[in-house]
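1. just need the structure, nothing else, for what follows:
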Amino acid sequence: MDAFDYIIVGGGSAGCVLANRLSARSSNKVLLIESGIDTPPGRVPKDILDIFPTSAFNPLYKWMKLLVFYQPLPSNAPERPPRPLYDQGHVLGGGSALNFQAANRGAPDDYDGWERAGAAGWGWKDVLPYFRKLESDQDFGGSLHGKDGPIPIRRVKPAQWSGYTRAMADALGAAGLKRVEDQNGPWEDGFFPATQNNRGVERISTAIAYLDATVRARSNLTIITNTHVRELTFDGLRANGVTVMRNGAPSAFRGNEVILSTGAIHSPAMLMRAGIGPAQHLAQFNIDVRQDLPGVGTGLQEHPGVPVATFLTPQARHDPRRHGMYLQISLRTSSGVEGCPPGDMFCSIIGKVMWHSIGRRLGVSMGWCNKPFSRGQVRLETPRWEDHPQVEMNFFSDRRDLTRIMNMTRFLAGLYRHPSVRAVTRGVFAANYGARAASVGRVTLRNKILTGIGGAVMDMPAPVRQAFIDNMLLSGPKFADVLLDDEALEAHCRRMATGVKHVSCTCRMGADDDPLAVTDTQGRVRGIGGLRVVDASLFPSVPRANTNIPTIMTAEKIADRILAN
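-> Down below sits the predicted model:
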């Protein structure tokens, strides 16, 4: 049986970082296990390199049976509501191979809040060096920015903005928002060129950035892909390896330390299947309790979002040859709702919603609660390693989240009444990535033909276009009617709310006396030797940011601690 110093389970944003940093010490023998495909240098698939996340529509790169409940489950319902597919990366690079490459960090107070919650050594002053370490900022220097890291950070200059972006910037300025040049500069409200991690017209996933040819050539690093971890193995209360399914056959690896980096949904599920978690829940599946940790799978947080869409006239549409990145500007605002901190609301302005002809004709404003208070949970549905867990987001279980997303939806709708926006758009409506959109979302010849026809129809006179939108893109009441009534708007927001793929906090780190802390501040699982969790599930609370860069930071910081011991 092959033996390693470190076995890293999961080759996503955290796992790729750990594989690089831990194997940099030649005496460490490191194994990285990824369930999806490899993306080796020189052979990265074109749709992963694409700065528009075409890869997010490819079932090869994501879990196709991972379903979630967004709204709280009613206790007296005769049957459970439907569960939409929740995109999670199933490829080397994980979510960083599928996302919009948003590269923001969150508020300094997010991390000071982690420290106040018991994560000693994770305050802003402690994490800033690792944000700087991971990045090579192409636009700004100074004490807040790094220049030598593997992740390139850039922004689209105003001269490159599309017609839609320029019009929305006019509307945001007229609404009183300040134009801020550096989203990752001092924390303040305003709208700004969206900070992103890519290189010109190519995505830079963590697999590309951290597992380049030089790193892969290290004799002490082994990377295996298309390999599923079936279970963790133990010697008493110490993890000592994993068993896997590879090429249809089981095998095993031993390790001095096992690090789970499978994300905030699968890391807690893997712990629970190993008997580490809430004892009462494990008893339902006759799983022997190895360590009763009630915090495993609890406290889940996501940023609940509601999109507002519009039809773009030809002069407003995004041309990647001239305009570069599709996510060009974002905005951060403070709701003023009691108990909510500054910058608690966020919106991304995107000039294309899908890869195909219809998607190129639509723009979207995706608003979300940047600092949610609602919390959900991850629980096992079966003890089988092949099955996904049950995921309950519990959106709007805290009324403050619902109030703020309703206010944000009204604010965004108002932007489309600004003269600059009205000149380059035609109408505003609610759209979500539902079953119909998903059916044409796969990149196939059939869908290319169908959406090509649909795109041509949308360019026809207004009555034809509106009929197409009403019959093919919409579900539920018309958006204009929804905005007139609080009750209707609440129902709309509940129906249209979606996650923005920032799930976190399900194995949170904390102080020794915190009964819900799953790990210590180095990711070490309580009461279990040789086992860590290093991914977004460690967060005590979700930061006011897209979570990819904070996850990379977390892996960089813990890798440093491991190497220092």
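
2. now do the same for Val44: helix, strand or coil?
-> Following DSSP: H, G, I helix; E, B strand; the rest coil, Val44 is assigned to coil.

3. try Ala3
-> What three-state DSSP gives for Ala3 is strand.

4. make residue 1 into 53 and carry on from there
-> Right, with 53 as the first residue, what we last looked at is Ala55.

5. give me the neighbour count for it.
-> Taking other CB atoms under 10 Å as the criterion, the count of residues near Ala55 is 13. Using the backbone N, CA and C atoms, a C-beta is placed for each residue, glycine as well.

6. what strand or helix carries Phe398?
-> Secondary-structure element containing Phe398, defined by DSSP states H and E: strand 397-402.

7. gap between the helix or strand following that strand and the chain center?
-> Next in sequence after strand 397-402, counting helices and strands by DSSP H and E, comes strand 414-421. Its chain's C-alpha centre and that of strand 414-421 lie 15 Å apart, by CA atoms, centre = their mean, to the nearest Å.

8. which helices and strands does strand 414-421 pack with?
-> Where contact means 3 or more CB pairs under 8 Å, 6 or more residues apart in numbering; DSSP states H and E, strand 414-421 is packed against strand 356-364, strand 397-402, helix 451-467.

9. what lies in contact with the next helix or strand after it?
-> Where DSSP H and E defines the elements, the next helix or strand beyond strand 414-421 is strand 428-431. The contact list for strand 428-431 (CB atoms under 8 Å, 6 or more residues apart in numbering) reads 316-317, 320-321, 324, 333, 349-354, 441-447, 449, 558.

10. please redo it, this time with the cut-off set to 6 Å
-> 317, 320, 349-350, 352, 441-446, 558 (CB atoms under 6 Å, 6 or more residues apart in numbering).

11. dump the C-alpha coordinates for it into CSV.
-> Extracted C-alpha coordinates of strand 428-431, given in CSV (Å, rounded to 0.1, in the frame of the first residue of the first chain):
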residue,chain,number,x,y,z
GLY,A,428,-28.9,26.2,6.8
GLN,A,429,-27.4,22.7,7.2
VAL,A,430,-26.0,19.7,5.5
ARG,A,431,-27.3,16.3,6.5
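
12. if we can go back for a sec, distance to Gly215, mean pLDDT and mean neighbour count for the helices and strands packed on strand 414-421 - can I get that in CSV?
-> Putting these into CSV (distance: least, CB to CB, whole Å; pLDDT from 0 to 100; neighbours: other CB atoms under 10 Å) gives the following:
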stretch, distance to Gly215, mean pLDDT, mean neighbour count
strand 356-364, 8, 94, 24
strand 397-402, 12, 97, 25
helix 451-467, 15, 97, 20
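
13. re the thing from before, so what does the strand holding Phe398 touch, helix or strand wise?
-> The helices and strands touching strand 397-402, judged by 3 or more CB pairs under 6 Å, 6 or more residues apart in numbering; DSSP states H and E, are strand 379-385, strand 414-421.

14. what does it contact?
-> Residues outside strand 397-402 that contact it (CB under 6 Å, 6+ apart) are 220, 378-379, 381-385, 387, 416-420, 422, 456, 460.

15. strands paired with that strand, and their directions?
-> In the sheet containing strand 397-402, its partner strands are strand 379-385 (antiparallel), strand 414-421 (antiparallel), by DSSP bridges.

16. buried residues, the longest one. List them.
-> Of the residues in strand 414-421, those scored as buried under the neighbour-count criterion (16 or more other CB atoms under 10 Å) are 414-421.

17. now those as CSV including pLDDT and distance to Lys404?
-> Putting these into CSV (pLDDT from 0 to 100; distance: CB to CB, whole Å) gives the following:
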residue, pLDDT, distance to Lys404
Leu414, 93, 7
Gly415, 94, 7
Val416, 94, 8
Ser417, 96, 13
Met418, 95, 12
Gly419, 97, 18
Trp420, 97, 19
Cys421, 98, 24
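
18. out of the residues you listed, flag the one nearest to Leu467.
-> Nearest to Leu467 among the buried residues of strand 414-421, counting by CB to CB, is Ser417 at 7.0 Å.

19. who's in contact with the closest one?
-> Going by CB under 6 Å, 6+ apart, Ser417 touches 360, 399, 401, 464.

20. OK, contacts around Gly581?
-> Applying CB under 6 Å, 6+ apart to Gly581 gives the contacts Arg290.

21. give me that answer again for 8 Å
-> Gly581 makes contacts with 289-291, as judged by CB under 8 Å, 6+ apart.

22. returning to that earlier point: could the helices and strands packed on strand 397-402 be laid out in JSON lines, adding distance to Asp340?
-> Putting the helices and strands packed on strand 397-402 into JSON lines (distance: least, CB to CB, whole Å) gives the following:
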{"stretch": "strand 379-385", "distance to Asp340": "47"}
{"stretch": "strand 414-421", "distance to Asp340": "39"}
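
23. do you know which of these lies nearest Gln343?
-> Closest to Gln343 of the helices and strands packed on strand 397-402 is strand 414-421 (CB to CB; 33.5 Å).

24. tell me the helix or strand right after the helix or strand of the chain with the lowest mean pLDDT.
-> Least confident helix or strand of the chain, by mean pLDDT, DSSP states H and E, is helix 487-491 with a mean of 70. Downstream of helix 487-491, the next assigned helix or strand under DSSP H and E is helix 497-510.

25. in the sheet, who's paired with the closest residue to Met460 other than its chain neighbours?
-> Spatially, and ignoring its direct neighbours in sequence, Met460 is nearest to Gly419 (4.1 Å; CB to CB, 6 or more residues apart in numbering). On the basis of DSSP bridges, Gly419 is bridged to Val358, Cys399.

26. got the contact list for Gly419?
-> The neighbourhood of Gly419, defined by CB under 8 Å, 6+ apart, consists of 357-360, 397-399, 457, 460-461, 463-464.

27. and those, which is closest to Gln235?
-> Nearest to Gln235 among the contacts of Gly419, with distances taken as CB to CB, is Phe398, at 10.4 Å.

28. and the closest residue to the closest one other than its chain neighbours, how many neighbours?
-> Nearest non-adjacent residue to Phe398, counting by CB to CB, 6+ apart: Asn422, 4.0 Å away. Using other CB under 10 Å, the number of residues around Asn422 comes to 30.

29. swap in Val585?
-> Val585 has 30 nearby residues by other CB under 10 Å.

30. what do you get for Met297?
-> Residues within reach of Met297, counting by other CB under 10 Å, total 16.

31. can you pull up the bridge partners for the nearest residue to Val232 once chain neighbours are set aside?
-> Excluding the flanking residues, the one nearest Val232 by CB to CB, 6+ apart is Gly242, at 3.8 Å. Counting by DSSP bridges, Gly242 is bridged to Arg384.

32. please report how far Gly242 lies from Pro424.
-> Per CB to CB, to the nearest Å, Gly242 is found 21 Å from Pro424.

33. the more surrounded of those two?
-> Between Gly242 and Pro424, counted using other CB under 10 Å, Pro424 has the larger neighbour count: 27 against 18.

34. contact partners for the more buried one?
-> 353-356, 450, 453, 594.
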